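**Q** Here is the input, now give the coordinates:
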Amino acid sequence: MRLWVDTDYGFDDLWALLLLRRYGATAEGISLVAGNTPLPQVIANALGAAVAYGLDAPLHAGAQKALVREVETAQEILGEKGMDSRGRFLPDVDGPQPPADAVEALADWLTQEGPRPVLALGPLTNIALLVQRYPEAAARITRLVWMGGSNGPGNHSPLAEFNALCDPEAAAIVADAGLPLEVVDLMICRQATFGPEDMPPTDPLTDELLGGYLDIGLKRGRAGMAIYDPVAALAMVRPEAFAFERHSLSVSTARDETYGATRFTADPEGLTWLPTAPLEDIARLCLDALTGADA
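**A** Reported below is the predicted structural model:
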């Protein structure tokens, strides 16, 4: 599989990219978007990961803020870098910065021959800008798998999941664009959890970054931590691991307690596919992708 990845590059985004590589998928381009952290740190994470893990997909800097709302990050939870650690961090890289042409580069990639799947792991700002500026290119997306939204309670507000709340207007544009959308939401991700006893054998950098990610849950008195972006990557490369149902999707842009809430309505004619249950041990499949990650 050849695909494009749009990401706000926290640790679980990196984990998702490592899972894609483990399954033989090739990211032909990576567009970066502000979300987990401000865009400069997202870029720094992407450059550090490319050096540490040999991830050679071209990088393209994109939106540094949401379409309408003020900047929202997850640094309070994930740390200033968007990824915590029990020791080592990604290296700081001095060198050329990626070009600020994410939307244009994605549009160009979409005009090429063959299937054009896109995996979106953060706020949908870049994808919404693509829909607005290059609708014909956006219409060539063959699958758009997004980790975001919630068919239930939220995690960044009582009703909204972080990636949706970070840019509700962008999510609403994408939901209404008629694209072949698969939404890997909070509810399915929370069915993939791991604890200290599940840590896979891997290299020291990955082990300490994964430990920092696990500590997010442990420090809150939980037995473990849910897995998010890698579950979306798994849905992209191994859809048979999930039961999907068709839905219609709407996103609230009302400036009230519903802001960023996603509403899924079962609809046999709906264009949004929602994984409703795992059919395999999706947590183990995600963790196995880190075995021998070779940082």
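**Q** How many residues are close by the residue nearest to residue 171 when sequence neighbours are not counted?
**A** Spatially, and ignoring its direct neighbours in sequence, residue 171 is nearest to residue 251 (4.4 Å; Cβ to Cβ, 6 or more residues apart in numbering). C-betas here are computed from N, CA, C, even on glycine. Other residues within reach of residue 251, judged by other Cβ atoms under 10 Å, total 26.
**Q** So residue 251 is in contact with residue 181, correct?
**A** No. The criterion here is Cβ atoms under 8 Å, and residue 251 misses it with residue 181 at 11.5 Å.
**Q** shared neighbours of those two, anything?
**A** Taking Cβ atoms under 8 Å, 6 or more residues apart in numbering as the criterion, residue 251 and residue 181 both touch residue 175.
**Q** thinking again about what came up before, could you check the pLDDT of the residue nearest to residue 171?
**A** For residue 251, the pLDDT comes out at 98.
**Q** Quick check: the gap between it and residue 266.
**A** Counting by Cβ to Cβ, to the nearest Å, the separation of residue 251 from residue 266 is 17 Å.
**Q** and if you look at residue 100?
**A** To residue 266, residue 100 is 41 Å away according to Cβ to Cβ.
**Q** Any idea how many residues pack against residue 97?
**A** 12.
**Q** Repeat that for residue 263.
**A** For residue 263, the neighbour count with other Cβ under 10 Å is 16.
**Q** cool, and the one 5 residues further on?
**A** Other residues within reach of residue 268 by the criterion other Cβ under 10 Å amount to 7.
**Q** ok, now which ones touch it?
**A** residue 246.
**Q** Would you agree residue 145 falls within a helix?
**A** No. Secondary structure of residue 145 (DSSP: H, G, I helix; E, B strand; the rest coil): strand, not part of a helix.
**Q** Please enumerate the helices of the stretch 151-295 of the chain.
**A** Under the criterion DSSP state H, counting those that start in this stretch, the stretch 151-295 of the chain contains helices at 162-166, 168-175, 186-189, 204-218, 229-237, 282-288.
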